[in-house]
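S.K.: Output the structure for:
(8 chains)
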8 protein chains.
Amino acid sequence: MTSPTPRNTAKETPQGTSVRNTSDAFHLAIPAHDLDAAQDFYVTKLGCKLARRYDDRITLDFFGDQVVCHLTPGEPAQPESLYPRHFGVTFREAADFEALHACAVMRKIPFYHEVSVRFGGLVEEHRTFVLVDPSGNLLEFKHYNDPRMMY
Amino acid sequence: MTSPTPRNTAKETPQGTSVRNTSDAFHLAIPAHDLDAAQDFYVTKLGCKLARRYDDRITLDFFGDQVVCHLTPGEPAQPESLYPRHFGVTFREAADFEALHACAVMRKIPFYHEVSVRFGGLVEEHRTFVLVDPSGNLLEFKHYNDPRMMY
Amino acid sequence: MTSPTPRNTAKETPQGTSVRNTSDAFHLAIPAHDLDAAQDFYVTKLGCKLARRYDDRITLDFFGDQVVCHLTPGEPAQPESLYPRHFGVTFREAADFEALHACAVMRKIPFYHEVSVRFGGLVEEHRTFVLVDPSGNLLEFKHYNDPRMMY
Amino acid sequence: MTSPTPRNTAKETPQGTSVRNTSDAFHLAIPAHDLDAAQDFYVTKLGCKLARRYDDRITLDFFGDQVVCHLTPGEPAQPESLYPRHFGVTFREAADFEALHACAVMRKIPFYHEVSVRFGGLVEEHRTFVLVDPSGNLLEFKHYNDPRMMY
Amino acid sequence: MTSPTPRNTAKETPQGTSVRNTSDAFHLAIPAHDLDAAQDFYVTKLGCKLARRYDDRITLDFFGDQVVCHLTPGEPAQPESLYPRHFGVTFREAADFEALHACAVMRKIPFYHEVSVRFGGLVEEHRTFVLVDPSGNLLEFKHYNDPRMMY
Amino acid sequence: MTSPTPRNTAKETPQGTSVRNTSDAFHLAIPAHDLDAAQDFYVTKLGCKLARRYDDRITLDFFGDQVVCHLTPGEPAQPESLYPRHFGVTFREAADFEALHACAVMRKIPFYHEVSVRFGGLVEEHRTFVLVDPSGNLLEFKHYNDPRMMY
Amino acid sequence: MTSPTPRNTAKETPQGTSVRNTSDAFHLAIPAHDLDAAQDFYVTKLGCKLARRYDDRITLDFFGDQVVCHLTPGEPAQPESLYPRHFGVTFREAADFEALHACAVMRKIPFYHEVSVRFGGLVEEHRTFVLVDPSGNLLEFKHYNDPRMMY
Amino acid sequence: MTSPTPRNTAKETPQGTSVRNTSDAFHLAIPAHDLDAAQDFYVTKLGCKLARRYDDRITLDFFGDQVVCHLTPGEPAQPESLYPRHFGVTFREAADFEALHACAVMRKIPFYHEVSVRFGGLVEEHRTFVLVDPSGNLLEFKHYNDPRMMY
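M.R.: Prediction:
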């Protein structure tokens, strides 16, 4: 079997079927045990925008979607496992994945897992890293070689 | 104080600053205690698309983002409260909110909360309803009068 | 169960998750027994654009996708059934569905089935009509109330 | 005759007039002799999304368009020729063509024709490969050097 | 023959296949016998933007495309006929057609032909009016009921 | 002179040539005498998003552009005149103009000028209102009947 | 004076303010002395799409805009000068300019001027070539280094 | 700590969450002491488009937004400091930043500050240069490595 003639490969990345062309916003509510710490983590460190602040929650423009941190009594738990509960962004462009990773390193955001490759050699191959917020919520960021695998 | 001259109001809805124009995808991992039940809920009833099915999880195109249901041992818990943990979609268009509500009614998807108005008379006014999936995860769908409040 | 407060319903149609935002083109090759007749049907009557004409085929910009009519020996067959083989367009906007229907009527394009409603009262409810080209290929055009059902 | 000054050629591919910027969906109905086999081929192997499954058909989000596999009695036929009947996608970006080819190879999808170049040296030059589904339907995927030739 | 069920017709106009989604610009060079008069006509009256002014020409952002008025010796000719030479814009939205017409009336731009309907009752039905610039160039503006007829 | 046949006027607003389709951001630096007061005005009241907060300035996502409030010694001046210095947003959609006005009223943001119509009966006709921030900066919001006049 | 730090220059071309994001179509009417020759030139050679053919004219989708060739008695004139009357496309992407030039060469379309650089060293620098149609109409195609100069 | 596998880095720049996808226009009013000088600076030198000219002001399409120069009595002041008042554009693409810088150099627009790098090594790193208009208004143009820092 011959492989396809390599042509123009230096200048392109796959686009896949363009995803998320929607003006709707995903929203996710998560617990926070300290709103100042949450704002420091999401706004000052991760670079998200603060949309609103109330006494019992902050709302964030989290990479174009909404994350709401609800003030929750008690102490943050140590996350035990990435499964079954975490959230994050799958970037279309490798450069966005890398820029966010660089941001996390420069601003010393705590990593739960450093960058690694999953499913190497399969169509589902992607890079991933996991951050942990002050309340123990896990944030996973990913980039797939083939954007059709983003779902 | 005079109110603004009502002009063209019959033909427009506010657009706000257009949001989520991104080709990235939010992704959320949640527990599922039965993958067939999860697929039935999300694909057959809610109308999401099944992207991939593995032995231990299904991945979904959930209104343009990715939701992954991870097979988790044990029994589904009854959800105790909408806070601090739920997820869903904030629709830009009222018609999409209403169409999804109609879908939930016609297909007899269980409601955790029926449609109600929150923050009536404030800028943050919005309608909301909450569904519950077979593993007790709560899904909230919203529509704001003023799309700038979507965050 | 209360229905959602009807608000703004006069000005909106559901958008669903925006589909087909892609610069790729679907392409479909079909048989034609007479290229002049095919060009008359698709370009002069249906209003598609002729992209290229060769001795053995014509290529068409068919509502944004490519349809190629390949010259095929023999006589056109009478279509026996809409299933399992037909093609067409599912319009997002009702007005496009209605404009094409009006075009077919005004230009006396032969109908295989006139407009009817399928799955009335279900989420999958849609209107549909079916045209037949000079080689007996069936073209179905549809409009769904809820665009999320377009797939 | 002088050729144009080569400038910036390393960083660009032609865009042509942007095509298919439409929210309508092409839809194609094809025969399938076994719905499980069809779902395995289109969803698990080819990476399309399953939109709906009924007793007599499955509906697919096929690269942004809709393909419906209708359950059809009898045995799959061996495809005799690419003409006059086949379907597929013409990719705007070479990288998408190559990513799908890589997917087909990694997941051992049966090829009807491996990658080849057609009309080499003409404006219509393009690469193409052809897959065959479990019911003998032929799927052709293409990439043109000059996107204006996509029609 | 039954007409299609009128549904949602109050809120929609046909979209047709979306046209001109391109970042290229059409450009047209025309004669002008007086650059001040040309600027007054195109910028001050018609509301186009002046991009550049040189001694021998002005360049204009004419409804998103480029029109260049080249200073030409001699006297302006009276236009004898709309054919074979004129230019203008075919608006997708009726409201843009009407707004430009209102602008021409309010600012007393000379009409060559007032608004009329062409091809009434046919699919090609459209409204049109024709303006004349100080050098006798004819500008035609149109709006088609069915945007697929814009070409 | 006959006016154009009124057709479809109930369902459309003019679009003009689509403006500001750019991924660049305008940025404006203005003085602030108290950063807490500035954040309260722009974020909590006006509904802008806080992007970053430093000791000497806050940066805002102001309707899609960037406004930076620089901490400036001294007392806020009373604004003497709208000219020559003010800033704001010209909304394409009347509904956005009206929604912001409603927001200002409900949240009791101080007005410098209430809503009025300027250039009534001319092509340049628009509605406008002016707010004043805690440092005396004037913010003007506008909506033109004809979007081509937005510049 | 120092020049800016060269950064990322290998991967980008300027975008300028995005132009022509409009669904309106420019239209241009030109004389043709032979409709078959016109169709051969514009469709078969230049790769434009034929939208409609009548006895007295053909209408073309010319790079996303409409060109209409009106049948005109008499003989084609030899074009005397590029000024003051010609038309064409200013491409945003150099690759589109080069692809069209390659098309013209491969299909032996007659050149009026081969590729040359105008205003070299100035901000207005651009490449240009000029074709001539069978009726002597001149078509100029351009590419500017700085897309803001496209107007 | 390992850095992420460098993959595809030659062909991409980060996109960040896409900003300013809005059809609204920012508008800014500034003083001008001589309208001819202002038009020469903004249109002829900087390459902005002149939208309208009145006796007491000119309105400009300034990189997609509106800047209005209001005729103001008195003499232009020498700008004392970049803070707290200046305006400009933050470009998404480095190439646009560089093209504008090249334009300023070629056309000898006066610089207030030449290109420099701010916040080198931090996530907020960006390049910037500052121009001065004939009335002493300061214009700053910027490009951030990470577009999420544009706000």
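
S.K.: only C-alpha atoms for contact and neighbour calcs from this point on.
M.R.: Noted.

S.K.: Contacts for the helix or strand hosting A:Leu139 next, please.
M.R.: Taking DSSP states H and E as the criterion, A:Leu139 maps to strand A:138-144. For strand A:138-144, the external contacting residues (Cα atoms under 8 Å, 6 or more residues apart in numbering or on different chains) are A:79, A:82, A:85-94, A:97, A:112, A:124-133, A:150.

S.K.: residue boundaries of the strands in chain A?
M.R.: For chain A, the strands defined by DSSP state E cover A:25-32, A:49-53, A:57-62, A:65-71, A:86-91, A:111-118, A:126-132, A:138-144.

S.K.: Would you convert those into JSON lines that also reports mean pLDDT and mean neighbour count?
M.R.: Listed next are those as JSON lines, based on pLDDT from 0 to 100; neighbours: other Cα atoms under 10 Å in any protein chain shown:
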{"stretch": "strand A:25-32", "mean pLDDT": "96", "mean neighbour count": "24"}
{"stretch": "strand A:49-53", "mean pLDDT": "97", "mean neighbour count": "23"}
{"stretch": "strand A:57-62", "mean pLDDT": "97", "mean neighbour count": "24"}
{"stretch": "strand A:65-71", "mean pLDDT": "97", "mean neighbour count": "24"}
{"stretch": "strand A:86-91", "mean pLDDT": "96", "mean neighbour count": "23"}
{"stretch": "strand A:111-118", "mean pLDDT": "97", "mean neighbour count": "16"}
{"stretch": "strand A:126-132", "mean pLDDT": "98", "mean neighbour count": "20"}
{"stretch": "strand A:138-144", "mean pLDDT": "97", "mean neighbour count": "23"}
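
S.K.: angle of the strand holding A:Leu139 against strand A:126-132?
M.R.: Strand A:138-144 runs at 160 degrees relative to strand A:126-132, counting by axes from the mean of the first three to the mean of the last three Cα atoms, to 10 degrees.

S.K.: Sheet partners, orientation included, of strand A:138-144?
M.R.: Strand A:138-144 pairs in its sheet with strand A:86-91 (parallel), strand A:126-132 (antiparallel), by DSSP bridges.

S.K.: so which of these comes closest to A:Phe26?
M.R.: Evaluated over the strands paired with strand A:138-144, closeness to A:Phe26 peaks at strand A:86-91, with 11.4 Å, by Cα to Cα.

S.K.: That closest one to strand B:25-32, inter-axis angle?
M.R.: Using the same axes, to 10 degrees: strand A:86-91 against strand B:25-32 is 150 degrees.

S.K.: just the CA coordinates of strand A:86-91, formatted as PDB?
M.R.: Taking only C-alpha atoms (Å, rounded to 0.1, in the frame of the first residue of the first chain), the coordinates of strand A:86-91 have been written out as PDB:
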ATOM      1  CA  HIS A  86     -13.100  16.500  35.500                       C
ATOM      2  CA  PHE A  87     -13.500  19.200  32.900                       C
ATOM      3  CA  GLY A  88     -11.400  21.400  30.500                       C
ATOM      4  CA  VAL A  89     -10.900  22.400  26.900                       C
ATOM      5  CA  THR A  90      -9.900  20.400  23.900                       C
ATOM      6  CA  PHE A  91      -8.000  22.900  21.700                       C
END
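
S.K.: chain center to it: distance?
M.R.: Centroid displacement of strand A:86-91 relative to its chain, using Cα atoms, centre = their mean, to the nearest Å, is 3 Å.

S.K.: ok, and what's touching it?
M.R.: So strand A:86-91 is contacted by A:63, A:97, A:137-144, A:150, B:23-30 (Cα under 8 Å, 6+ apart).

S.K.: pLDDT on the lengthiest helix in chain A, on average?
M.R.: Longest helix in chain A, counting residues (DSSP state H): helix A:94-106. In this model, helix A:94-106 has a mean pLDDT of 96.

S.K.: Going by neighbour count, which residues in it are buried?
M.R.: Residues of helix A:94-106 classed as buried: A:Ala94, A:Ala95, A:Asp96, A:Phe97, A:Glu98, A:Ala99, A:Leu100, A:His101, A:Ala102, A:Cys103, A:Ala104 (neighbour count, 16 or more other Cα atoms under 10 Å in any protein chain shown).

S.K.: hmm, it touching chain H?
M.R.: Yes. Residues of helix A:94-106 are located near chain H by Cα under 8 Å from any Cα of the partner chain, namely A:Ala94, A:Ala95, A:Asp96, A:Glu98, A:Ala99, A:His101, A:Ala102, A:Cys103, A:Met106.

S.K.: Apart from its neighbours in sequence, what residue is nearest A:Asp133?
M.R.: A:Phe41 (6.7 Å; Cα to Cα, 6 or more residues apart in numbering or on different chains).

S.K.: Would you confirm that the one you found contacts A:Gly136?
M.R.: No. Look at A:Phe41 against A:Gly136 with Cα atoms under 8 Å: they stay out of range, at 11.6 Å.

S.K.: Distance check, A:Lys142 against chain F.
M.R.: Distance of A:Lys142 to chain F, computed by Cα to the nearest Cα, to the nearest Å: 24 Å.

S.K.: Can you spell out which residues form a bridge with that residue?
M.R.: A:Thr90, A:Thr128.

S.K.: distance of it from chain G?
M.R.: As judged by Cα to the nearest Cα, A:Lys142 and chain G stand 23 Å apart.

S.K.: Tell me the spacing between that residue and chain H.
M.R.: A:Lys142 is 11 Å from chain H, by Cα to the nearest Cα.

S.K.: what's the distance between that residue and F:Lys142?
M.R.: With distances taken as Cα to Cα, to the nearest Å, A:Lys142 is found 42 Å from F:Lys142.

S.K.: Ok, A:His33 next?
M.R.: From A:His33 across to F:Lys142, the span is 42 Å (Cα to Cα).

S.K.: of all the residues in chain A, which ones are close to chain F?
M.R.: So far as Cα under 8 Å from any Cα goes, chain A lies against chain F at A:Val43, A:Thr44, A:Gly47, A:Cys48, A:Lys49, A:Leu50, A:Ala51, A:Arg52, A:Arg53.

S.K.: Pull the most distant pair out of those residues.
M.R.: A:Gly47 and A:Arg53 (16.2 Å).

S.K.: Pull up the per-residue confidence for A:Ser135.
M.R.: pLDDT, read off for A:Ser135, is 96.

S.K.: Can you report how many residues lie near it?
M.R.: By the criterion of other Cα atoms under 10 Å in any protein chain shown, A:Ser135 has 21 neighbours.

S.K.: For it, give me phi and psi.
M.R.: Backbone geometry at A:Ser135, expressed as degrees, to the nearest 10, gives phi -100, psi 10.

S.K.: Pick out the residue of chain A closest to chain D.
M.R.: Closest to chain D within chain A is A:Pro14: 4.5 Å, counting by Cα to the nearest Cα.

S.K.: residues touching that residue, list them.
M.R.: Counting by Cα under 8 Å, 6+ apart, A:Pro14 touches A:Asn145, A:Asp146, A:Pro147, D:Glu93, D:Ala94, D:Ala95, D:Asp96, D:Ala99.
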